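Participant: structure for the following, please:
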Amino acid sequence: GLRPNVRVYSSMLEAYRRAGMLEEMESLIEQMKAEGELPDLVAFKSLLRGYCHTGQAEKAENLVAMLEDRGMELNTSVYNILMEVYRVAGDIVAAEDVAERMLARQLQPDTITYTCLLSTYVEAGDIKGAESILERMKQGPSSPSEEGNRGKMDIRDGKKNTAVPTDSFLFSKLLLAYGRAGKIEDMGRIAHRMKEDNIELDAVNYDCMVSGYARAGDVQAVENVIEAMRCAGHHPTSNTLSSLFVTYGRKGNLAKLTKMFQELKDQSCASTDDDTTVGQGATSLTDFRMMNTVACASLIQAFCQCNAMEQAEEALTWMREVGLCVDTYAYTSLLNGYGKQGLLARAEGVLERMIVAGHEPDSPIYTALLDSYGLAEDLQGAEGVLNRMRQQELIQNAQPYNALINTYGRLELLEHALGVLERMDRDDIEPDMVTLKCIAYAHHKVDLPYEIPEDLTALPEGVCACDLKTLYAKSPYEDGEDYPEVPEEDW
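Facilitator: Numbers count the residues shown, from 1 in each chain. Here you go, the predicted structure:
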């Protein structure tokens, strides 16, 4: 019969990787060896990606070390994959070490290398360090082996010894990072720097700026950036519209939301014979062609923030009428709106309507329902929602527990809040940063200091216990905002 070759095995390995079946990948590698089909670099790279995407840094390092010891000719992409695991962890030292090893093997860094290294600094909360990567690319620093430069990757084009040009993609990382951090002046400075470097802002750059100003609640700046975006020949994207909706919602600008919604309805009814005019009005900020499920959910959320539940329901109905997929995100936004007004029966009704429509409830919508009961100070109801999630095996992370801790904290029931923390430990749910914020808030409500236990010290870079005591004196859930982001798969 036919015998599978390395190519077939590599395809199987990649299929296993996409399915997250790492044990099967390891077994298949051993099977290849037993059958005399030595895995090639493509096969090993699939396994390496599997380790890196699941955060198994030690296994990833052991695999690369084994390949190096065998004398296999590794390329830049192998080290890029390895660097990715440290990017996710925000481990700058380890990422820089991988870059050193690349140079030691005379491998030339590519755009992916730079992006990954820059992103590592961003993940670690060191945005200035991330920005320094651009300088190192531009200036072409001395060889890292020279005194004073150890541990800093030389980002010159190795053979030509010239600076590597930057592009708008890398600047997007910085724009988004500064926007998330609320450092609006730095975000504007980066945009200005792009112009000085003759790098044209693309749609993603504009979206990152819109997202940043939306977080800051600066309506005028959001509108100005969108106008500049249109003048530069870029149409508003779904991310643009999502940010604009949420900005209006946060400011309670129901009039502008209503106007935009009417424009969208008019555009959706326009003739499809010539859709080039849709969204091209001189003053219109809308574009029906860019409306997707996320943008529509943001519109519903914005109406809810304005306590305009009738318009929120109308937006949900309109989504169905124009053929847009109504998913759990839209229902969650609507449920949140009713929950924040204390209309628990209607919030439960949204969940029932979603189930009748054929959608499986997920963790976010149940967490929103739990928080709704918490806001209404219905502790029995909140605990009941958590039990429903447990029965349906929907507790996948700390979010529902965080909402419950926050509820007890708001009601100054510190012992109950700490009891939830103990339940998390019993249920093998790892506390996250929001958990710590909620616990710190619960202590603040009863005017007690909070010392982080030794087993809860996994804080992000640059965050310490005193930050929790001073910065989180209000509930992490007080704003209740879901800020639209620019998904990297759209970049």
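
Participant: give me the spatial nearest neighbour of residue 88, chain neighbours excluded.
Facilitator: Nearest non-adjacent residue to residue 88, counting by Cβ to Cβ, 6 or more residues apart in numbering: residue 55, 6.3 Å away. Every C-beta, even on glycine, is put in place using the N, C-alpha and C of the backbone.

Participant: cool, residue 193 as well?
Facilitator: Closest to residue 193 by Cβ to Cβ, 6+ apart is residue 171, at 7.9 Å.

Participant: tell me, how many residues neighbour that neighbour?
Facilitator: Neighbours of residue 171 under the rule other Cβ atoms under 10 Å: 24.

Participant: surely it touches residue 204?
Facilitator: No: the pair residue 171 / residue 204 is not scored as a contact, 9.3 Å apart, by Cβ atoms under 8 Å.

Participant: ok, now how distant is the closest residue to residue 322 other than its chain neighbours from residue 351?
Facilitator: With Cβ to Cβ, 6+ apart as the criterion, residue 322 has its nearest non-adjacent residue at 4.7 Å, and that residue is residue 268. From residue 268 over to residue 351 the distance is 28 Å, taken as Cβ to Cβ, to the nearest Å.

Participant: which of those two has more residues huddled nearby?
Facilitator: residue 351 (22 against 17).

Participant: what's the distance between the residue lying closest to residue 267 once chain neighbours are set aside and residue 415?
Facilitator: Nearest residue to residue 267, sequence neighbours excluded (Cβ to Cβ, 6+ apart): residue 288, at 3.8 Å. Separation of residue 288 from residue 415 (Cβ to Cβ) stands at 53 Å.

Participant: who's more crowded, the two?
Facilitator: Using other Cβ under 10 Å, the more surrounded residue of residue 288 and residue 415 is residue 288, with 19 against 9.

Participant: that one and residue 262 touch, don't they?
Facilitator: No: look at residue 288 against residue 262 with Cβ under 8 Å: they stay out of range, at 11.7 Å.

Participant: quick one: list the elements packing against the helix or strand hosting residue 51.
Facilitator: Element membership for residue 51 (DSSP states H and E) is helix 41-53. If you count contacts as 3 or more Cβ pairs under 8 Å, 6 or more residues apart in numbering; DSSP states H and E, helix 41-53 packs onto helix 6-18, helix 22-34, helix 57-69, helix 76-89.

Participant: show me the contact partners of the first one.
Facilitator: To tie it back to what came earlier, the one meant is helix 6-18. Applying Cβ atoms under 8 Å, 6 or more residues apart in numbering, the contact partners of helix 6-18 are 4, 22, 24-25, 28-29, 32, 37-40, 42-43, 46-47, 49-50, 53.

Participant: check the last one too.
Facilitator: Helix 76-89 is contacted from outside by 41, 45, 48-49, 51-53, 55-57, 60-61, 64, 67, 92, 94-95, 98-99, 101-102, 107-110, 112-113, 116-117, 119-120, 123, using Cβ under 8 Å, 6+ apart.

Participant: buried subset of those residues?
Facilitator: With burial judged by 16 or more other Cβ atoms under 10 Å, the buried subset of the contacts of helix 76-89 is 41, 45, 48-49, 51-53, 57, 60-61, 64, 67, 92, 94-95, 98-99, 102, 107, 109, 113, 116-117, 119-120, 123.

Participant: okay, now the unreliable bits of the stretch 151-300 of the chain?
Facilitator: 151-166, 271-285 (pLDDT under 70).

Participant: over to the stretch 1-150 of the chain?
Facilitator: In the stretch 1-150 of the chain, residues with pLDDT under 70: 1, 139-150.

Participant: try 50
Facilitator: Applying pLDDT under 50 to the stretch 1-150 of the chain picks out residues 140-150.

Participant: past the biggest helix by length in the chain, which element shows up next along the chain?
Facilitator: Across the chain, the longest stretch assigned as helix under DSSP state H is helix 254-269. Using DSSP H and E, the helix or strand that follows helix 254-269 in sequence is helix 293-305.

Participant: hmm, who's touching that next one?
Facilitator: Contacts of helix 293-305 from elsewhere in the structure, counted by Cβ under 8 Å, 6+ apart, are 238-239, 241-243, 245-246, 248-250, 252, 254, 257, 260-261, 309, 311-312, 315-316, 319, 324-327, 329-330, 332-334, 336-338, 340, 482, 484.

Participant: could you rerun that using 7 Å?
Facilitator: 238, 241-242, 245-246, 248-250, 257, 261, 311-312, 315-316, 319, 324-325, 327, 329-330, 333-334, 336-337, 482, 484 (Cβ atoms under 7 Å, 6 or more residues apart in numbering).

Participant: also stretch 210-218?
Facilitator: Looking at what lies outside stretch 210-218 - Cβ under 7 Å, 6+ apart - the contacts are 175-176, 178-180, 182, 184, 187, 221-222, 225-226, 240, 243, 246-247, 250-251, 483-486.

Participant: so which of those residues are in helices?
Facilitator: 175-176, 178-180, 184, 187, 221-222, 225-226, 240, 243, 246-247, 250.

Participant: below-threshold pLDDT in the stretch 301-450 of the chain: ranges please.
Facilitator: For the stretch 301-450 of the chain, no range has pLDDT under 50.

Participant: helices of that one, start to end?
Facilitator: With DSSP state H, counting those that start in this stretch as the criterion, the stretch 301-450 of the chain has helices at 309-321, 328-340, 344-356, 363-375, 379-391, 399-410, 414-426, 433-445.

Participant: please name every helix or strand in contact with the third one.
Facilitator: Contact analysis of helix 344-356 by 3 or more Cβ pairs under 7 Å, 6 or more residues apart in numbering; DSSP states H and E lists helix 328-340, helix 363-375 as its packing neighbours.

Participant: now residue 227: how far from residue 429?
Facilitator: On the measure of Cβ to Cβ, residue 227 and residue 429 end up 46 Å apart.

Participant: between these two, who's got more neighbours?
Facilitator: residue 429 (19 against 12).

Participant: surely the more buried one meets residue 401?
Facilitator: Yes: contact criterion Cβ atoms under 7 Å: residue 429 and residue 401 qualify, at 6.2 Å.

Participant: any buried residues in stretch 289-299, and which?
Facilitator: 290, 291, 293, 294, 295, 296, 297, 298, 299.

Participant: what does stretch 64-81 give?
Facilitator: 64, 67, 74, 77, 78, 79, 80, 81.

Participant: also stretch 368-388?
Facilitator: Using 16+ other Cβ under 10 Å as the test for burial, stretch 368-388 gives 368-376, 378-379, 381-383, 385-386.
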